[in-house]
Structures are given as structure tokens and as C-alpha cells.
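Peer 1: Here is the input, now give the coordinates:
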Amino acid sequence: MKKDNLVSVPFMVLGIVFCVCLVAANLLETKVVQLGPISITAGLLVFPISYIINDCIAEVWGFRKARLIIWMGFLMNFMVVALGQIAVALPAAPFWEGEESFNFVFGMAPRIAVASLLAFLVGSFINAYVMSRMKIASHGKNFSARAILSTVFGESADSLIFFPLAFGGLMPVSELGKMMLVQVVLKTMYEIIILPITIRVVKYIKHVDDCDVYDEHISYNVLKIKEI
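Peer 2: This next block holds a predicted model:
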């Protein structure tokens with residue numbers, strides 16, 4: 001087996017955290033919190049971490065391994081959503097009093113579920129692609145700028161897909177626009193604030209894993225999952 005096809009411990013750890021963050025973000029989305037004049041979902045606490053991990057994986061191991069992790073995250077999310085729907089459909093015990101709360105958290109409307117999963121896929125792949133192409137163009141320099149710009153592109157695509165699909169027709173277009181803008185700005189600020197930690201993590205992994213991939217002559221076809 002070629003060395004490129006091996007999966008290291010740092011890669012495995014980041015992949016696990018990536019999937020956990022995505023599942024947690026979907027569950028936390030059911031709570032809306034108030035931060036001053038701004039109302040946001042609690043999922044904002046953890047979802048940007050998935051983009052930060054996406055940046056780390058694309059930077060260290062390249063687009064092909066980022067592609068693998070993105071699809072794994074999608075499948076784990078889909079599995080949790082599907083199992084949640086099955087659990088909601090099962091009859092509750094007559095003495096159990098938590099039915100309403102359980103259904104509120106796990107009974108995600110199909111429209112919201114489709115919007116969330118599709119937005120995640122498109123946003124994550126755009127993030128990884130921009131990160132990969134900018135690394136080649138900059139010869140590996142300016143990681144900070146690449147991480148921020150890739151997040152802006154990815155998060156913008158995510159919001160442009162999720163909010164219209166999930167809430168289109170349910171609220172004014174102006175409100176949808178405000179929500180999308182707030183989400184992109186806050187998630188990008190999250191990336192900037194945590195950037196010093198991200199830089200140190202990337203440097204550490206590159207040193208420990210002895211890996212720094214440049215995506216020369218690879219296929220960016222998102223369906224070629226076997227190419228790792």
C-alpha cells in the first residue's frame with residue numbers, strides 16, 4: 001500500500017472530532033440563544049469548528065483526504081437524522097413524559113434536514129477546494145489569509161443554500177438576508193479569533209505527521225472518494 005493511502009492517528013482524531021461537531025451542531029440548532037440584539041442558534045458554538053478542521057485537513061493532507069472526511073461527516077449526520085426519525089415514529093411508553101421534548105430535538109422536519117445536509121456538503125467542498133487551490137497558488141504561504149477566505153466562501157455557500165431552502169416562504173426575504181449575513185460574519189469572526197490555535201495545530205501536525213501535501217494533478221471530483 002502506498003504511504004499516501006495510509007491514515008495517521010492525527011488524521012483519525014481530527015476526522016472523529018469533525019463528525020462529532022457536525023452531529024452536535026445539528027442537535028444544538030434546536031435552541032435559539034440571545035446575544036445582545038442578535039438571535040442565533042446554539043449550533044453556532046460548534047459548527048465553525050468543522051470548517052476549522054476542514055482547513056487543517058486540506059492544508060496538511062490535501063483535498064483528497066478532506067473529501068473523504070466530508071463524506072464521512074455527511075453520512076454520520078444522515079445516520080443520526082435517520083435514526084432520530086425512526087425513534088420519533090416509535091410509540092412512546094405510556095408512563096414516559098419526555099415525548100414532546102424528544103420529538104422537538106430529534107423530529108427534524110424533512111425540509112430542514114435536506115437543507116442542512118445539502119448546505120453542509122456544498123459549503124465544505126467549496127471550503128476545501130478554495131484552501132487547496134490557494135495553497136498551490138501561494139506556494140504554501142499565507143495560511144491565515146487562505147483559512148479565512150476559504151471559510152468566507154464555504155460559509156457563504158452554506159448560508160445561501162440552507163436558509164432559502166429551510167425558511168423560504170416562511171419569513172420575509174429581507175429577514176432571510178439578515179440571517180444569512182449574520183451567520184457568515186459571526187462564523188468568520190469565530191475563525192479569526194481561533195486562528196492562532198489553528199496555526200499552531202497545523203504546524204504541530206505537519207511536524208508530527210511529516211506531511212505537507214500540495215494537490216498537484218489531482219481530481220477535484222467530489223465523488224471520487226476512493227482516491228485518498
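Peer 1: Could you list the alpha-carbon positions for stretch 157-177 in PDB?
Peer 2: Provided in PDB are the C-alpha atoms of stretch 157-177 (Å, rounded to 0.1, in the frame of the first residue of the first chain):
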ATOM      1  CA  ALA A 157     -22.400  29.000   0.100                       C
ATOM      2  CA  ASP A 158     -23.700  27.100   3.200                       C
ATOM      3  CA  SER A 159     -25.900  30.000   4.200                       C
ATOM      4  CA  LEU A 160     -27.100  30.800   0.700                       C
ATOM      5  CA  ILE A 161     -28.300  27.200   0.400                       C
ATOM      6  CA  PHE A 162     -29.600  26.500   3.900                       C
ATOM      7  CA  PHE A 163     -31.700  29.500   4.700                       C
ATOM      8  CA  PRO A 164     -33.700  29.800   1.500                       C
ATOM      9  CA  LEU A 165     -34.400  26.000   1.400                       C
ATOM     10  CA  ALA A 166     -35.200  25.800   5.100                       C
ATOM     11  CA  PHE A 167     -37.100  29.000   5.600                       C
ATOM     12  CA  GLY A 168     -38.100  30.300   2.200                       C
ATOM     13  CA  GLY A 169     -41.700  31.400   2.200                       C
ATOM     14  CA  LEU A 170     -41.900  31.300   5.900                       C
ATOM     15  CA  MET A 171     -40.300  34.700   6.600                       C
ATOM     16  CA  PRO A 172     -39.700  37.900   4.600                       C
ATOM     17  CA  VAL A 173     -36.800  37.900   2.200                       C
ATOM     18  CA  SER A 174     -35.200  40.800   4.000                       C
ATOM     19  CA  GLU A 175     -35.100  38.800   7.200                       C
ATOM     20  CA  LEU A 176     -33.600  35.800   5.400                       C
ATOM     21  CA  GLY A 177     -30.900  38.100   4.000                       C
END
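Peer 1: which residues touch that stretch?
Peer 2: Contact partners of stretch 157-177, identified using CB atoms under 8 Å, 6 or more residues apart in numbering, comprise 111-112, 114-116, 118-120, 122-124, 126, 179-180, 183-184. Any C-beta I mention is one placed from the backbone N, CA and C, and that applies to glycine too.
Peer 1: ok so I40 is a strand residue?
Peer 2: Yes: the assignment for I40 (DSSP: H, G, I helix; E, B strand; the rest coil) places it in a strand.
Peer 1: Surely it is in contact with M189?
Peer 2: No: the pair I40 / M189 is not scored as a contact, 11.9 Å apart, by CB atoms under 8 Å.
Peer 1: Among those two, which residue is more densely surrounded?
Peer 2: I40 (17 against 11; other CB atoms under 10 Å).
Peer 1: how close does the closest residue to that one other than its chain neighbours get to L186?
Peer 2: For I40, ignoring the flanking residues on the chain, the nearest one in space by CB to CB, 6 or more residues apart in numbering is V33 at 6.1 Å. To L186, V33 is 12 Å away according to CB to CB, to the nearest Å.
Peer 1: which one of those two has more residues nearby?
Peer 2: Just comparing V33 and L186: by other CB under 10 Å the higher neighbour count belongs to L186, 16 against 13.
Peer 1: Any chance of the backbone angles for the residue nearest in space to the middle of the chain?
Peer 2: With distances taken as CA atoms, centre = their mean, S50 lies nearest the centre of the chain, 4.1 Å away. With angles defined as degrees, to the nearest 10, S50 sits at phi -60, psi -40.
Peer 1: Partner strands of the helix or strand of the chain with the lowest mean pLDDT and their direction?
Peer 2: The helix or strand of the chain with the poorest confidence is strand 38-41; it has a mean of 75 (mean pLDDT, DSSP states H and E). According to DSSP bridges, strand 38-41 has the following sheet partners: strand 32-35 (antiparallel).
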